[in-house]
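# build me a model from this:
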Amino acid sequence: MTNYELMLVIDSALTEEERNAVLEKVRGIIAGAGEAGETDVWGMRKLAYPINKKNEGFYAVIPFQAQPDFPKELDRRLRISDSVIRHMIVNKDEK
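Numbers count the residues shown, from 1 in each chain. Alright, predicted model coming up:
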């Protein structure tokens, strides 16, 4: 299993319950193929540049362990989600 870190920027227009549902859905996807760590919620932050005419986003970081082929599937599923504005998956073991 490889260590990864997922950073999400969730749409700021969502309510707190909807944001929590998005985070739980992502954690569920990760749990299906690996092991998710503790979610580090950064909260609402101003974006460096407007994305889809939005100036703010809700940031969260989720460390997880999974097989090397899983991040590609996770990336695909996050791209089609309307709630996630941006995301980035980083391999923590790569030097």
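# any chance you could map the helices in this protein?
Taking DSSP state H as the criterion, the chain carries its helices at 16-33, 70-79.
# could you dump those to JSON lines with mean neighbour count, mean pLDDT and distance to residue 89?
Quick note: C-beta positions are derived from backbone N, CA and C, even for glycine. Formatted as JSON lines, the helices of the chain follow (neighbours: other Cβ atoms under 10 Å; pLDDT from 0 to 100; distance: least, Cβ to Cβ, whole Å):
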{"stretch": "helix 16-33", "mean neighbour count": "15", "mean pLDDT": "93", "distance to residue 89": "10"}
{"stretch": "helix 70-79", "mean neighbour count": "14", "mean pLDDT": "94", "distance to residue 89": "5"}
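# from residue 61, how far off is residue 44?
The gap separating residue 44 from residue 61 is 15 Å, by Cβ to Cβ, to the nearest Å.
# more neighbours, the two?
The neighbour comparison of residue 44 against residue 61 (other Cβ atoms under 10 Å) goes to residue 61, with 16 against 11.
# my guess is that one meets residue 10, correct?
No. Residue 61 is beyond contact range of residue 10, at 11.9 Å (criterion: Cβ atoms under 8 Å).
# what pLDDT does the model give residue 1?
Looking at residue 1, its pLDDT reads 88.
# count the neighbours of it for me.
12.
# mind listing the residues bridging to the closest residue to it other than its chain neighbours?
Spatial nearest neighbour of residue 1, chain neighbours left out: residue 65 (4.3 Å); criterion: Cβ to Cβ, 6 or more residues apart in numbering. With DSSP bridges applied, residue 65 shows beta-bridge pairing to residue 3, residue 35.
# and residue 65, how far is that from residue 22?
With Cβ to Cβ as the criterion, residue 65 and residue 22 are 21 Å apart.
# contacting residues around residue 18?
Taking Cβ atoms under 8 Å, 6 or more residues apart in numbering, we find residue 18 in contact with residue 83.
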